[in-house]
Every structure is written in structure tokens, then in C-alpha cells.
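K.L.:
dropping a prediction and its sequence here:
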Amino acid sequence: MRMDERTHTASLRQRLARTRRRLLAARLLQGGLQAIGLLALLWGIAALLEALLWLPTGVRTGLFWALVAGSLGLLGWTVGRPLLALRRLSDEHLARQIGRHFPEIADRLIDLLQLETGRRSPAPETLLARAREQLARQIAPVPFEQMVSLRPSPRLLSLTLVPLLLVGTLWLLAPGAFRGAFARLLAPGRTFERPLPFTLNVTPGDTALARGDTLHLTVSLRGTAWPEQLTLRLRYAGEMRPETFFLKPDTTGRAYFALPDLQRPLTYQVEAAPTATPWYTVTLRERPLVRRLQLTLHYPSYTGLPAQTLPPDVGNVSALPGTRIELRVLTGAAPVDSALVRFDEGTALALTVRDSLAQGTFTLQRAGHYWIELHAPGGLTNPEPVRYTLELVPDDPPTITLLQPEATYTLDDALRAPLQVRVHDDFGFTALRLYWRLAESTFRTPETDFSSRPLPLTTPRPLDQEIQQQWDLRADGLDLVPGDVIEYYLQVWDNDRVSGPKSACTPLQYLRLPSLAERYEMLDAAQDDVAEGLESVREQAEQLRTTFQELRETIQRTRQAGWEEQQQAEQLRRQQEALEEQVESLTRQLEQITREMATNRLVSDETLELYRELQRVVEEIQSPELREALEKLQEALRALDLPRLLESMEEVEFNEAQFRERIERALELFQRLRTQQQLEEAARRAEELARLQERLAERTAALERRQHGETGESSASDSTGHVDPEALARQQEQASQEARRLEELLEETRRQMEELRGMPRQSMDSLRQALRRQQLPERMQQNAQQLRQGNFSGARRDQQQMEQQLEQLAARLQQLEQQMEGTQRQINAAGLRQALRHILLLSESQEALRNDIQALRTEQAAAPMARRQEQLVQGTRVVTDSLRQLARRIPQMDRAVQQTAGEALQAMDQAIGALTEGSARMAGSYQTAAMMHLNELARMLADLLDQLQNQQAMGGLSLEQMIEQLQRMAGQQQQLNDQIQQLLNDIQGTRLTTDQLERMRQLARQQEAIRRQLQQLARDREARRRLLGDLDALARQMEETVQELRRGQINRETIERQRRILIRLLEAQHSIREQEQERRRQSRPGEDVVRESPPELTPQQELDRLRRALIDALESGYAPDYEALIKRYFELLERLQRQQHRR
């Protein structure tokens, strides 16, 4: 046989073998499926019978072996028989089966097999080989292996799956029954009893609990039916008889039982008839307990607080963040092998356990809760641990309050602002800083960033501090010009080192340096308020006078007083109280005006002193006498005492007239002083405008030089090359507005002069006309246009010309003011001298009349002397009227002058009454009193005249004298402060003794002496010019200390005030030295000083006559005090005579 023939034959044999194996697999699959379905049906029927019938043991055993035998037979028939049949199947039989499926190759396949075996073919081998090859090629493409399908038929699957589904359904419907039935079938020969219709299950069975726990029992019944009642038996250790409890299951077959606070071990059993559970055992173990808790709080170090141990068993903590909490836990009941502190956010802290003590430390960072968890061997923990609270007490941010200055503070030329700031924090501070920037400026660019510097602060404590600092803006490089606004605030930081320092800021405050014009405008507004207030007081005084006249006329007409009259008197009293309140308000306004004048140096020293005198004059408007007279009038009205009522009305009328006179005096003095102040203001404004024109001319010259350099001329670059013509034009326009305001001021001053007597109205008119002819506002506007147009040369010439004209205007205004002041001083001095001469003559005449009356032999002869006394009264009244007119021009004249003159008149009137009645002795006593008042009045006028003359000739103190005097006062103040501090330490917490009260009075006298030295220094014009600060305020602080020492009521505030007084005295010395060292250049126009002309004296004969009268008075034997007064008058006359000779 050839090789290729053998290959075809082998391939055919292999394909037949594969076909045989596929046929075997198909027969086995079919038999297996049949066996599974039949066995499932067979065993399912048997299990169903067992489940339903609970077959007896013999029957069940027989059934089991029958099932086994049937199963084996079924497997042999369905599986074994096909295996045996296929093993005997030959290739030819297989080929015939293939031929039945593939008829096209049926004969060829059998022929090929027969030819291969050599049967039935006597043909030659070559032909046989060719036939076999041709048959093999024809058979090769036919896939006869696929004649057998391995996929079971649907019928076979249904026969297999239906029994399985039936058995599975029954199993799902009754799993317990079928499981038990199969178990019994597989246990042949074993006897099974039929079960109850329910099952009984008890949890937890045997268990171990902690002492004190609750035993929870759960009884579960499952089945078709269960008993309605269960029996629970509990038997404690050591007892024989159990306790019985009856339980009723619910609809789900469950019953529950709880035994709380279990303290003894026990056994228990549950019975559900006819069955019962075995006895279960419950054993007890001990839980650990927290017997004592002790917490110690260690506060953050920056607080300075000591450690705090809380009371035992107090676990709630309220503390600062960063507080270290130390725990000490004493355990008991059971040994503890570990302890934890658990927090509600999920973290835990392990404690160190040693014997029965557990301790640890944690840091308080957040609020929440914590509890202590103890672990004993065996896993037991402490029951229901107490949850303690952790609360954070915030470290509050600091607070800062700026007490001084106000929100918008107006600076003076010294460029100093008083800073007084109060800071508070709960634990302390780290820093205090001052921040500032230039917020607004007319000629400079505002700053965007703040500069800062630290302020002195005691760190970290005390917790409340009040810092006073004099902010020198020049020391911080702030050289402001009028119109600049500084924006500033203060910031303080606390010392919180846990969360970081917190800070607080003051609101934004502002410092503004006003221009001279603005300061004068504010001053004018304040003076307008005072003027309106004085006018209002005068009108109300007139209403008071009208009301009193109506009351007096009613009483004089009816000669009786009723309820309406009492109401009128009450109205008078209320009107008088309202007037006093308004006068007090005016006094405060004048005090503020005077302080502003002194601080900003808006007026001369002489005018400032006159305003201080005016302030005293306004204070003297107050009339305690009128108030007392009105009270007497009310009492007389209530008592219905007509003589007393008439007397009270006369007293009220007199004091009311004096009250109105003082108001008129204050109003006229204010008008005169304001006119004088406005002249000074006009001169200052003219000087300021002149200086502005000078600066504009310098800058315009720089622009002119730069313009020449741009056109080709070489010029050195200068520092003013950045000047902007537009900026200069705007400044010139502002100057034009100021010049127009100056004209308006002069017009207003002229109108005021028309309302007053003795004013240089003609000189003022001439000056105003000259100013109008110059047309300064219009020329300044034109000059601004020249600057914008680039005509710098013409603009500069006009500026220089206007500068000269303004300087001349300022000089003329100063001359006019000095002329007015000098003329008024001469008039006042002449009036005082004339009044003094008249007073001396009246005193001499009164003395002569008294001596004549004393020389009379009978009382009846004294009556004709009343006419001479009446002449003296008329002369005294004339002098009193002249003094009243002088008082309206001389603010230095004290109120006592008018009072003394009135008392002299009253004594003379009483003398007239006594002479009319013929009582010479009584008249003599009244005349002596009148002489005393006249002499006292003469002394007052002489002192006032001396004061006016001394003020004219007085010069300022030298620099060395001022410093020496301040050093002496500072040394005295330091010693006094030390003595007061020592006295306060001695009396701390004790009652004052007599010696201590005497020491206080002595210290009060020392402080009063220092205060008088300060007031004396304040009167010096050079000292007032050089010294910074308000000397009047310093004197008032000293006065407060004097009053407290006299009352015996010193405290820590007194010590602090004394410290501030000493600091102000030392700062005054330092300020004078700095001013001397700086010697800043000041330019002032020349002044023509108008000195007072010598007053016109009385003729020499009159002086000689007065001198002889004084000598005679000395020889007549006056009392020592009167002799001293006469000598004083004699010295005054001698001085007047020497002045006449010198003239």
C-alpha cells in the first residue's frame, strides 16, 4: 500500500473513532438525564410519603432498600446498557449509521472499509488503490462526525427538569419537613419520634455578667403552634427553691424578661410544656469604678495666673485655650489594667496606671465633652461613665479708647497733639503703636501708606493703663503747612501666645492744621456767639426789670400781696436763675476763646490780658445780692409783712440796677475789645498775605529762570524746577479770596467803631479807601491769569508790588491799633486821676463836716448841716457815675469799686437822715463810715492807676530769669509731691488726726504759694509767648489740689495730678530751651510804637492844697491804718509832681 493511501486510511479511522466517542457521550448524557429525573421523582415521592406519614421504622427501612435497588437498576438501564452496546459496535455498523444520516456517502464509506480490509474485490491492487483513493476523496469533505448532537432534546430536558422542579418546590415550601424526611430515610433501622409543633430557643444561655448589670432573657418559639404561657425558674446561688415567673409570648413567638441590678449568680430554666430547656448558669464579675477625680488647671504662662486645683470630683472645666489639665483618678472595685480619657470627637488619651491611681495630662484646645474609661481584666469597663464638659473661655481681644484729642483736632503752630489713650486687656499687652499718614494737602501729594512708631507701654501689665503722650509731629518728620490733614489711629496687641496676639484699633482720627484765616473765622464765630449771648442776657435783664416794676406797682397800689404776687416773685427768681446759668455759659465761652487766642497766638499779649480781665468782668455779672434780695422778697410775700416787703423791693431794685449796669459794662467792654482784636486780626491777615506774595514771587522767579533756560539761555538747575504754574495760580486765587475777606473785615470793624465812642473812625475810613483804590483782590485774580498764560516776569513784578502794599497796610493797621490803644489808655488814666482827686476832696470835705458837727454844742444845731451833707452826696453821685462810665472802658476795674462807692453813698444818705432828725452823734458815726469807704475807694483807684501805668512800662522777663523761676517752682513742686505722697502713705486706711489735718493745711499753703508764683509768671508777656501749654489750666489743677488738701480728701488721683503738674513744669523749661536753640527766622515789618503822652496834671496850687490837707490829716491823729493810707496818697502826689517836672 502506498504512503498516501495509508494516510487516507488512518484519517478515516480517526474520524470514525471521534464519531464513536461523540455517540457514546450523547448516549451517556441522555441516560444520565433520564436517571436524574427518574431518581429525583422516585426519592421525592418517598420523602413526601415520609414527611406526610412518618412511616414506621420497618416500612421506612424497606422503602429505603427498595429505593436503593430501584436507583441501581435505573442507573444500569439508562447508563450501563448504552455503554455495553457501543463497545460492541464495529466500524461497518458505525458506517451504516453514518450512511443513514449521509446517504450520499453510505455505500462509498462501506466500500472503502471493505476495500481496505481486502474483501470482495479480486481486482488488481493498482485498481483497488485507485478506487480507495477516489472513495477517500469523495468521503473527505463530508462532516459525518456531526451526525451525533451533544445537545439534549427538549423532551429529555422536560422529563429531567420537571421532577427536579417539583422536588425543589416542595423543599422550599417545607424545608424543615423535607430535610427531616430525607434524614430519616437515610437512617434505616433507626427509630424517630414525631417532633413537637414548635421549637424552644433561649438566649443568652450560659453567660457571665458584671455585678449590677441587667440580665436580659429572650425566649424564641418557632412552629405551627406554641403554648400560650412559659415558665421561667430562677435559682440564686445558695438557695434551694427557685423563683418562678410566667411569660407570655407575643404574636411573633417571642417572650422577654429583664432582671435589673443583678448582685448574685444564679441558674435559670424555661419550660414550654411538654418540653423545657436545660438549666443555664449566670456568673458575676466586678466592674472597675472611679472613686475620686481630681483636676488641676495649669493656665498658659502668659496669663500670669497660678495653677488652680478644682474641688474633688469636679470634672467640668471652663478655661482658656492652651490650659494644661492634669487628671488624677482613684479607681476601685476591680483592678484596672488600662485607663483612657475619651473625647467626643473620637480621640483618646491613655492614662498611666499604677496600682489604683491613673493619671495623665492633656491640653485644652477645643470645647466638647470627655469621660474616663476604665478597663479591667476580662474586658469589663466602668458602667455609664460621667460625661464632663470642656468649655473654652476666650481670651478677649484688648480694648483701646482714645480719650484725647477729639475725632478731628485742630493743631496749633507748635504741631503738638495731646494723646491720651486707655487700653485694657484681661491678661496683658505686648505693644502699642501709632500709625499716621498725610491724608489731605493743598500743595503736596497725599500718602497712601501709614508710617508708625511705638508708644510707651508697660508690658505685659497692668491690665488697665492710661497713656498720656505729647505727640510732637515735627519730631516724626511732619512739617505741616496750613490745610494739611493727618489721618491717624492707634493699635494695641495683647500677649496671647497660644492663639496669637489679638489687636484692637481706634477709629480713624484726624489732625488738621488750619490756616490763619480759618483760625480767625472760628474765633469770629465764637465771638458772635458771645455777643449774641450778652445781648440775650441784656434782654432778659430788661424782662426781669419789667416784671419787677409790674410787681412793685401792684403792691404799691393795693398795699397788699396775694397769690398772684407770689407767683410773680417766683417768676422773678426763675428768671434770675436762668440769667445766672446763661452768664456761667458765657464765662466758659470766653474762657475757651481766651485759651484759643493764647494757644494760637491770635492776639497780642496786651489784648489777651484784656480778654482775661473781660472774662472776670463777665463772671462778676453774677449777683448773689440780687438772688438774696429776691429770696427776702418771697419770704416777705409769704409772711404778708408790708414794711418788710417795701424794704425788700427797694433792695431788689438797687441790686437789679447794679446787675443791669454790670451787663451793660460787659457788653460795651466786649465790643471795644473785639474792635481792637479785629484791628490786630486785619494786621495779621495783611502780614500773612504779604508773606504769601513774597513766596509766590520767589517761585514765579524760579519759573521765569526755567523759562529762559528753555529758550536757549543756560541756567543752573535749581531745587524749585518742579514748580507748577497752575498750582501757583490756584494759590493766588485763594489769596484773592483772603484779600476780599480782609476788606469785609475792615468794613465790619468800621461799623463797630461807629457804635462806640472814642474810636478813630476817620483814620479807619482813610485806610479803607486806600485799600479799595489798590484793588488787591482783582489784581490777584489778574496775576493768576498771568501765571497761567506764562507771563512770569509781569506776574512777579505785580506780586512784589502787592507785597509792599500789603506790608504798608499791615503797618498802618498796627499804628491805628496802637494809636487807639494809647489814646484809650490816656483817657482812662485821666479819668481815674480826676475821679481820684474828686474822691480825695470829698473825703476832706466829709472830714471837715464831721469835725464841724462834733464841735456843735446842741443836737438841734446839727439839722442845718444836712444841706452840706446833701451837697457831698451829690458830688459822690457824680463821681460814681463817672466811675461807672470808666468801668465800661477799663476791664481791670474791679466790681468792688462800684460796691465801695455805693456803700459810701449809703452811709452819706444815712447821715442825712440822722442830721434831719437832729442826731449829731449818729450822723458822726455815719460820716466816719462814709470817710472810710471814700478812703478805701481812693486806695482802689490809686492801685488801679498804678496797675495801668505799670502795664504800660512793664517789660518781659529774660530767658535766664524764666528758666530760673521755672526750676525753682519745679523743685518746690517736687518736694511738695513727696510730702503729699508720704502723708497719703501715713493715713492709708486710718482716720485723720489733728496733726495730719494741720499738715494738710500746711501743704495747701505751700501749693497755693506755688500757684501764685505761676500766676505771676503768666502775667509776663514774654513768658506767655515762650511757654507752651495752658498756664491757666495748670493753675486750676493746683487750685484743685489746694481745695482737696483743705478738705482733707486726698487720694491716688491727687498724686497723679501732682505728677502731671510737675511734668508740665519740666516740659515748660525744656520748651523754652528748644525755642532758644531753634531760633527760627521770623520776619515782621517795622512798627512805630506810639507811647502814651504824659497826662495833664492839676495846677500846682491844687497839688499844694491837697498836700497840706494830707499833712493836716496826719497831724490830726488818724488811726494807724488810715495814716498808712494817707501816706500812700502823699507818695502818689509826689510821684505826680515829679512827673510834671520831668515833662
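P.N.:
All right, it came through fine. Numbering: from 1, shown residues only.
K.L.:
please, where are all the strands along the stretch 501-650 of the chain?
P.N.:
503-505, 509-512 (DSSP state E, counting those that start in this stretch).
K.L.:
the shortest one pairs with which strands, parallel or anti?
P.N.:
For strand 503-505, the paired strands and their directions (DSSP bridges) are strand 485-494 (antiparallel).
K.L.:
the partner strand: which residues count as buried?
P.N.:
Residues 485-494 are the ones in strand 485-494 that count as buried (16 or more other Cβ atoms under 10 Å). The way it works is simple: take the backbone N, C-alpha and C, and place the C-beta from them, glycine included.
K.L.:
make JSON lines from these and add distance to Gln804 and pLDDT to it.
P.N.:
JSON lines is the format used below for the buried residues of strand 485-494 (distance: Cβ to Cβ, whole Å; pLDDT from 0 to 100):
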{"residue": "Val485", "distance to Gln804": "34", "pLDDT": "93"}
{"residue": "Ile486", "distance to Gln804": "36", "pLDDT": "94"}
{"residue": "Glu487", "distance to Gln804": "40", "pLDDT": "95"}
{"residue": "Tyr488", "distance to Gln804": "41", "pLDDT": "96"}
{"residue": "Tyr489", "distance to Gln804": "46", "pLDDT": "96"}
{"residue": "Leu490", "distance to Gln804": "48", "pLDDT": "96"}
{"residue": "Gln491", "distance to Gln804": "52", "pLDDT": "95"}
{"residue": "Val492", "distance to Gln804": "55", "pLDDT": "95"}
{"residue": "Trp493", "distance to Gln804": "58", "pLDDT": "94"}
{"residue": "Asp494", "distance to Gln804": "62", "pLDDT": "92"}
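K.L.:
return the member of the residues you listed nearest to Ala174.
P.N.:
Using Cβ to Cβ, Asp494 comes nearest to Ala174 of those, at 81.7 Å.
K.L.:
tell me who's in contact with that closest one.
P.N.:
395, 397-398, 425-430, 501-503 (Cβ atoms under 8 Å, 6 or more residues apart in numbering).
K.L.:
kindly confirm my reading that Trp371 is in a strand.
P.N.:
Yes: counting by DSSP: H, G, I helix; E, B strand; the rest coil, Trp371 is located in a strand.
K.L.:
count of neighbours near it?
P.N.:
Burial of Trp371 is recorded as 17 neighbouring residues (other Cβ atoms under 10 Å).
K.L.:
and Asn851, by the same measure?
P.N.:
12.
K.L.:
repeat that for the one 3 residues further on.
P.N.:
Neighbour count for Gln854, taken as other Cβ under 10 Å: 13.
K.L.:
touching, it and Ser925? I think so.
P.N.:
No: using Cβ atoms under 8 Å, Gln854 makes no contact with Ser925, being 10.9 Å away.
K.L.:
element containing Glu803, please.
P.N.:
helix 792-855 (DSSP states H and E).
K.L.:
would you mind identifying the next helix or strand past that helix?
P.N.:
With DSSP H and E, the next secondary element past helix 792-855 is helix 866-887.
K.L.:
would you mark the buried spots in that next one?
P.N.:
Going by 16+ other Cβ under 10 Å, helix 866-887 has these buried residues: 866, 868-870, 872-873, 875-876, 879-880, 883-884, 886-887.
K.L.:
any idea which element the residue lying closest to Arg545 once chain neighbours are set aside lies in?
P.N.:
Nearest non-adjacent residue to Arg545, counting by Cβ to Cβ, 6 or more residues apart in numbering: Glu656, 6.0 Å away. Here Glu656, judged by DSSP H and E, is contained in helix 642-710.
K.L.:
now for that helix, which elements pack on it?
P.N.:
Counting contacts by 3 or more Cβ pairs under 8 Å, 6 or more residues apart in numbering; DSSP states H and E, helix 642-710 is packed against helix 516-558, helix 605-619, helix 624-639, helix 725-755, helix 776-789, helix 792-855, helix 866-887, helix 895-916.
K.L.:
compute the inter-axis angle for the first one and helix 605-619.
P.N.:
Counting by axes from the mean of the first three to the mean of the last three Cα atoms, to 10 degrees, helix 516-558 lies at 30 degrees to helix 605-619.
K.L.:
didn't Asp464 look like it was pressed against Arg422?
P.N.:
Yes: the pair Asp464 / Arg422 is scored as a contact, 7.4 Å apart, by Cβ under 8 Å.
K.L.:
of the two, who's got more company?
P.N.:
Using other Cβ under 10 Å as the criterion, Asp464 and Arg422 rank with Arg422 on top: 13 against 10.
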